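# Take this sequence and fold it.
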Amino acid sequence: MRIVRRLVLIGLGVFLLMQLVPYGWQHSNPPVRQDTPWPNEEARSIAVKSCYDCHSNETDWRWYSYVAPSSWLVRRDVERGRAELNFSEYGEDKNAMRDAAESVWRLEMPPRNYTLMHPDAKLTDDERRVLLEALDEMSERLRG
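Residues are numbered from 1 along each chain as shown. Now for the predicted structure:
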């Protein structure tokens, strides 16, 4: 019993020390420079629900994004997501919409680790079709 109590205290101490690591504390949502002009409201609604937390400047920073170590993972995922595709900075990357469509088609997006915490973000077949059509249309528009 002593060993268990000691392990619990050590685990608690490590958890508390992790809270002192500053990475993940700052949560910013830069201004929306140019919102993506979705072809229809249905596609936009699907994207907001399933993509915008990581791929826009409109991230909903939930409570666990303030507690280490999950804050580290959330911050890293948002930084990577915005770097790949940012729906709040439409037109910055001419290939981003095509690449996004490919990831959705391959069932890579939204990622499983995100849909586990946000089951409503998981795409149905119909939602996937609507999103793919919209991404393809916007990709064509960008390439002119």
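# ok, Trp38 touching Ala134?
Yes. Distance between Trp38 and Ala134: 5.9 Å, which falls inside the contact criterion (Cβ atoms under 8 Å). Any C-beta I mention is one placed from the backbone N, CA and C, and that applies to glycine too.
# now the strands: where do they sit in this structure?
Read by DSSP state E, the chain holds no strands at all.
# quick one: contacts of the lowest-mean-pLDDT helix or strand in it?
Lowest by mean pLDDT, DSSP states H and E among the helices and strands of the chain is helix 2-18, with a mean of 82. Residues outside helix 2-18 that contact it (Cβ atoms under 8 Å, 6 or more residues apart in numbering) are Ala68, Pro69.
# Tell me the residues that contact both of Trp38 and Ala134, please.
Arg44, Ala47.
# What residues sit buried inside stretch 132-142?
The neighbour-count check on stretch 132-142 (16 or more other Cβ atoms under 10 Å) flags Leu132, Ala134, Leu135, Asp136, Glu137, Met138, Ser139, Leu142 as buried.
# ugh, typo on my part, it should be stretch 74-91
Neighbour-count burial for stretch 74-91, counted by 16+ other Cβ under 10 Å, picks out Val74, Arg75, Asp77, Val78, Gly81, Arg82, Leu85, Asn86, Phe87, Ser88, Glu89, Tyr90.
# Could you tell me how many residues sit around the residue lying closest to Trp38 once chain neighbours are set aside?
Distance criterion Cβ to Cβ, 6 or more residues apart in numbering; nearest residue to Trp38, sequence neighbours excluded, is Arg44 at 3.7 Å. Counted with other Cβ atoms under 10 Å, residues neighbouring Arg44 total 18.
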